[in-house]
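K.L.:
quick one, fold the following:
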Amino acid sequence: MEAVTPPRQRRKEARPAELMAAALELFVEKGFAGTRLEDVAARAGVSKGTLYLYFDSKEALFKSVIQEGIVPILEEGAGLVDSFEGSTADLLRTLIGEWWQHIGNTPLAGVPKLMISEAGNFPELATYYHDAVIVRGRDLMRRTLQRGIASGEFRRVDVETAIDVIFAPVLMLVIWRYSLGACCGMAHDPQTYLQSHFDLTLGGLMAAPPHGTVR
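P.N.:
All right, here's what the predicted structure looks like:
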């Protein structure tokens with residue numbers, strides 16, 4: 001007799017990841033308020049009851065998206081800052097490049113625009129995002145800038161202000177993508193944009209060479 005192949009089933013452990021991916025898509029498309037749990041379940045191809053086996057609320061699902069999607073990337077960035085042996089300019093370039101590869105060029109890039117539009121209506125989620133993502137991201141940049149200043153590679157700047165100035169253009173790139181970009185297309189090629197941003201940032205940060213020398 002021929003062996004009968006059983007129907008293909010999803011692995012149970014894969015379902016939370018599938019649900020979080022579906023939730024992220026819908027949060028970015030419809031906003032947090034406009035996303036229903038039954039829509040998330042349908043997008044993931046499971047029943048609403050199955051969703052509740054893993055997540056007891058929409059808030060818990062959102063927090064899991066952040067905790068499993070963005071936080072590990074920030075933790076890897078912290079390890080990079082701790083162990084990096086090259087110049088601080090190269091560290092800054094690497095951090096920006098890693099951010100684009102793992103967040104900016106993925107569906108996670110829709111989260112900043114989502115938080116800007118929903119923070120006022122969901123302050124608890126905004127606080128969670130601030131503590132889990134923004135505080136960690138600022139710490140990475142703070143430590144990088146302090147490293148460059150301490151070594152004499154960067155000139156002395158107001159670090160907290162510089163963090164905002166460095167982050168703002170990067171955030172604008174992804175916010176455009178998930179707002180006006182939907183109807184007008186991307187205003188710039190992302191790689192060209194990020195390279196220009198890095199060059200201008202580095203131009204403002206680098207310490208002046210000693211008098212009479214050529215950099």
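K.L.:
going by C-alpha atoms from here, please, whenever you check contacts or count neighbours.
P.N.:
Fine.
K.L.:
now the helices for the chain?
P.N.:
Under the criterion DSSP state H, the chain contains helices at 15-34, 37-44, 48-54, 58-69, 71-83, 88-99, 110-118, 123-129, 135-151, 159-177, 181-184, 190-205.
K.L.:
dump the ones you listed to CSV, plus mean pLDDT.
P.N.:
What follows is the helices of the chain, written out as CSV (pLDDT from 0 to 100):
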stretch, mean pLDDT
helix 15-34, 94
helix 37-44, 95
helix 48-54, 94
helix 58-69, 96
helix 71-83, 96
helix 88-99, 94
helix 110-118, 92
helix 123-129, 96
helix 135-151, 97
helix 159-177, 92
helix 181-184, 74
helix 190-205, 93
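K.L.:
okay, those helices in CSV with mean neighbour count next?
P.N.:
CSV is the format used below for the helices of the chain (neighbours: other CA atoms under 10 Å):
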stretch, mean neighbour count
helix 15-34, 19
helix 37-44, 19
helix 48-54, 14
helix 58-69, 17
helix 71-83, 15
helix 88-99, 18
helix 110-118, 18
helix 123-129, 15
helix 135-151, 18
helix 159-177, 16
helix 181-184, 11
helix 190-205, 15
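K.L.:
most centrally placed residue in the protein?
P.N.:
Ile103 (4.2 Å; CA atoms, centre = their mean).
K.L.:
am I right that that residue is in contact with Pro72?
P.N.:
No - contact criterion CA atoms under 8 Å: Ile103 and Pro72 do not qualify, at 11.1 Å.
K.L.:
let me see the backbone angles for Ser47.
P.N.:
As for Ser47, its main-chain torsions (degrees, to the nearest 10) stand at phi -80, psi 160.
K.L.:
how about the contacts made by the closest residue to it other than its chain neighbours?
P.N.:
Nearest in space to Ser47, with sequence neighbours left out and distances taken as CA to CA, 6 or more residues apart in numbering, is Ala41 at 5.7 Å. Residues counted as contacts of Ala41 (CA atoms under 8 Å, 6 or more residues apart in numbering) are 19, 22, 47-48, 50-51.
K.L.:
distance of Ala41 relative to Asp56?
P.N.:
Plainly put, Ala41 is 13 Å away from Asp56 if you go by CA to CA, to the nearest Å.
K.L.:
how is the protein carved up into domains?
P.N.:
The record's domain split for the chain, according to automatic domain parsing, is 12-57, 70-205.
K.L.:
fine, thanks again, bye for now.
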